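can you look at this prediction? I've put the sequence above it.
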Amino acid sequence: MVKAQTSFDPGEGCLNVVDITAGKGVGAYGSDILSSHYLHERFINEQFSMGVGAGYSYLGSYGFPAVPLYFSTHCFFLDQRFSPFVNLRTGVYFPIGAKSSQPGANLFVAAGIGVKTHITPNIGIMASAGYDAYLVKAFDSAKDDYRNMMASALGIRIGLCFQIPGW
C-alpha cells in the first residue's frame, strides 16, 4: 500500500514559519501594527507543535518598534495538505528606539485562527486572522495619569512555513 505525504511529518524535523502581519488598532488604547516574525516549533504529534519565536513589530499609534520573544503553539485540526489551525504566542517584548517611553520588558500575547496549505510536502503557506496585544504605559484621561494598558490590534498574518528534514 502506497501513501502520499499530505502534511508535515512529525518525526522529521520541525515546523518553521516566517510571517508578516498588518493590523488595525482596536479599543481605546489600540495601536496599528506592522510586524514580521520567525518561529521554530517541534511537533508533539501530527496535529500539535510548540516552540519559540522572535519578531520585529512597529506600534504605529505609540510610535515605537518592539522586539517580541515568545513561546508559540499551533494546533492543526486535520493532518492533511489543507488544514485549519489555531495559534497562540505568549511572551515578552522589548521596546527599542529613542522615542519609546516604555520601561523594560512587557507582556506580549497574540492569538490567531487560519488555514495552512502545502505547496510541496515540505513547504506551505499559512494565512490567518489574529489578535496581537502589547502591554504599554498609556495616558488614561479619565484618571489623568499613565497606566498599564493593552495596546491591541486585529490583523491579517501571511506566512511561509517549511520543514527541514532532520533538523
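Ah, there it is. Numbers count the residues shown, from 1 in each chain.

now the helix or strand hosting residue 109, how far from the centre of its chain.
Element membership for residue 109 (DSSP states H and E) is strand 106-120. When distances are taken as Cα atoms, centre = their mean, to the nearest Å, strand 106-120 is centred 6 Å away from the chain's centroid.

show residues contacting it.
6-7, 66, 68, 70, 76, 81-93, 95, 124-136, 150, 157, 161 (Cβ atoms under 8 Å, 6 or more residues apart in numbering). For glycine as for every other residue, the C-beta is placed from the backbone atoms N, C-alpha and C.

then that strand to PDB, C-alphas only?
Output in PDB follows, covering the C-alpha atoms of strand 106-120 (Å, rounded to 0.1, in the frame of the first residue of the first chain):
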ATOM      1  CA  ASN A 106       6.500  43.900  28.900                       C
ATOM      2  CA  LEU A 107       3.800  41.300  28.100                       C
ATOM      3  CA  PHE A 108       3.100  40.200  24.500                       C
ATOM      4  CA  VAL A 109       0.200  38.000  23.500                       C
ATOM      5  CA  ALA A 110      -1.000  37.000  20.100                       C
ATOM      6  CA  ALA A 111      -3.700  34.500  19.100                       C
ATOM      7  CA  GLY A 112      -4.900  33.600  15.600                       C
ATOM      8  CA  ILE A 113      -7.100  31.300  13.600                       C
ATOM      9  CA  GLY A 114      -6.300  30.400  10.000                       C
ATOM     10  CA  VAL A 115      -5.500  27.800   7.300                       C
ATOM     11  CA  LYS A 116      -2.400  26.000   6.100                       C
ATOM     12  CA  THR A 117      -1.900  24.600   2.700                       C
ATOM     13  CA  HIS A 118       1.100  22.800   1.200                       C
ATOM     14  CA  ILE A 119       2.800  23.700  -2.000                       C
ATOM     15  CA  THR A 120       5.200  20.700  -1.600                       C
END
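
that strand - what's its average pLDDT?
For strand 106-120, mean pLDDT is 95.

paired strands for that strand, with orientation please.
Its sheet considered, strand 106-120 pairs with strand 82-95 (antiparallel), strand 123-140 (antiparallel) by DSSP bridges.

closest to residue 60 out of those?
With Cβ to Cβ, the closest approach to residue 60 among the strands paired with strand 106-120 belongs to strand 123-140: 11.8 Å.
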